[in-house]
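# Quick one: sequence plus predicted model below, questions after.
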Amino acid sequence: MRILIVEDEHRIATSLKKGLEQEHFVVDLAFDGISGLDMASEGNYDLFVFDLMLPGKDGLTIIKELRAKQIHTPVLILTARGQVEDKVTGLNAGADDYLIKPFSFEELLARIRAISRRPQNLISASITVGDLSLNNQTFEVSRGNIIINLSNKEFVLLNFLMEHQGKILSKDQIISHVWDYDADILPNTVEVYIRTLRRKVDLPFKNKPSLIKTVRGFGYKISA
């Protein structure tokens, strides 16, 4: 799951990014409303987390402009404004949930997971491709009865492939979803991670079909 956080308090933003990345999310940051709107309009995100009071362009304006562009990615508002009328204004502008500062990271995480379970943005807790299974809540990956240990980035990459099983994903698509906006990605980075995944997901299971496939000239896909 890829998240864009637009928050002008750098300490809060970087702390949230670190915490969410430890929970296997991919997180980009913007520190003002103008760059936040640009990134939200151009990026491939599963969730937006917006502060309301932002320099350049406030959070409500960003939400309204995104909805006018027919971008319906769920929005979670973070704000110190706790009055009922403030909540109503935010929700009427197109937000999906509202969290008042100060808040606990555990509550933020619970609300993000709750939003991801809603029908319009449903992400199954467990994904399977053939006998390969991945669980987004326990972060457990297994093939048959064998547990497969993956690094954080390997897990995010495999999750992205499995969410789009049967579809060819280009290197650019993979990079834009698996790595954050500021990551310094070398041309062969995707190839290296795909090769590592194959060593863990396919090569140890010599009597079973390979699941991760290269479609030369186009990209990669996973299928049974």
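Noted; the coordinates are in hand.

# Just name the shakiest helix or strand of this structure by mean pLDDT.
Across the helices and strands of the chain, mean confidence by mean pLDDT, DSSP states H and E is lowest for helix 84-93: a mean of 73.

# moving C-terminal of it, what's the next helix or strand?
Beyond helix 84-93 on the C-terminal side, the first helix or strand identified by DSSP states H and E is strand 97-100.

# Helix or strand next in line after that following strand, which one?
With DSSP H and E, the next secondary element past strand 97-100 is helix 105-116.

# now what about the helix or strand just after that next one, what contacts it?
Of the helices and strands lying after helix 105-116 in sequence (DSSP H and E), the nearest is strand 126-129. Around strand 126-129, the neighbours that count as contacts under Cβ atoms under 8 Å, 6 or more residues apart in numbering are Ser133, Leu134, Asn135, Asn136, Asn159, Met162, Glu163, Gln165, Leu211, Ile222, Ser223, Ala224. Any C-beta I mention is one placed from the backbone N, CA and C, and that applies to glycine too.

# which strands and helices sit next to the helix or strand where Ile5 lies?
According to DSSP H and E, Ile5 maps onto strand 2-6. Using 3 or more Cβ pairs under 8 Å, 6 or more residues apart in numbering; DSSP states H and E as the contact test, the elements touching strand 2-6 are helix 10-22, strand 26-30, helix 33-42, strand 47-51.

# domains for this protein, by residue range?
As recorded under automatic domain parsing, the domains making up the chain are 2-121, 126-222.

# Now tabulate those in JSON lines and tack on mean neighbour count.
Output for the domains of the chain, formatted as JSON lines (neighbours: other Cβ atoms under 10 Å):
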{"stretch": "domain 2-121", "mean neighbour count": "17"}
{"stretch": "domain 126-222", "mean neighbour count": "15"}
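
# now the angle from the least confident helix or strand of the chain to strand 47-51?
Relative orientation of helix 84-93 versus strand 47-51 (axes from the mean of the first three to the mean of the last three Cα atoms, to 10 degrees): 140 degrees.

# which secondary structure elements does helix 84-93 contact?
With contacts defined as 3+ Cβ pairs under 8 Å, 6+ apart, helix 84-93 has these neighbours: helix 59-68, strand 75-79, strand 97-100.

# Can you tell me what sits against the shortest one?
Contact with strand 97-100 is made by 74-82, 87, 90-91, 107-108, 111, 114-115, as judged by Cβ under 8 Å, 6+ apart.

# got TSV for the contacts of strand 126-129, with secondary structure, pLDDT and distance to Asp184 too?
Formatted as TSV, the contacts of strand 126-129 follow (DSSP: H, G, I helix; E, B strand; the rest coil; pLDDT from 0 to 100; distance: Cβ to Cβ, whole Å):
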residue	secondary structure	pLDDT	distance to Asp184
Ser133	strand	94	33
Leu134	strand	92	27
Asn135	strand	87	31
Asn136	coil	77	27
Asn159	helix	90	22
Met162	helix	92	26
Glu163	helix	87	25
Gln165	coil	91	29
Leu211	coil	96	29
Ile222	strand	96	26
Ser223	coil	94	31
Ala224	coil	89	35
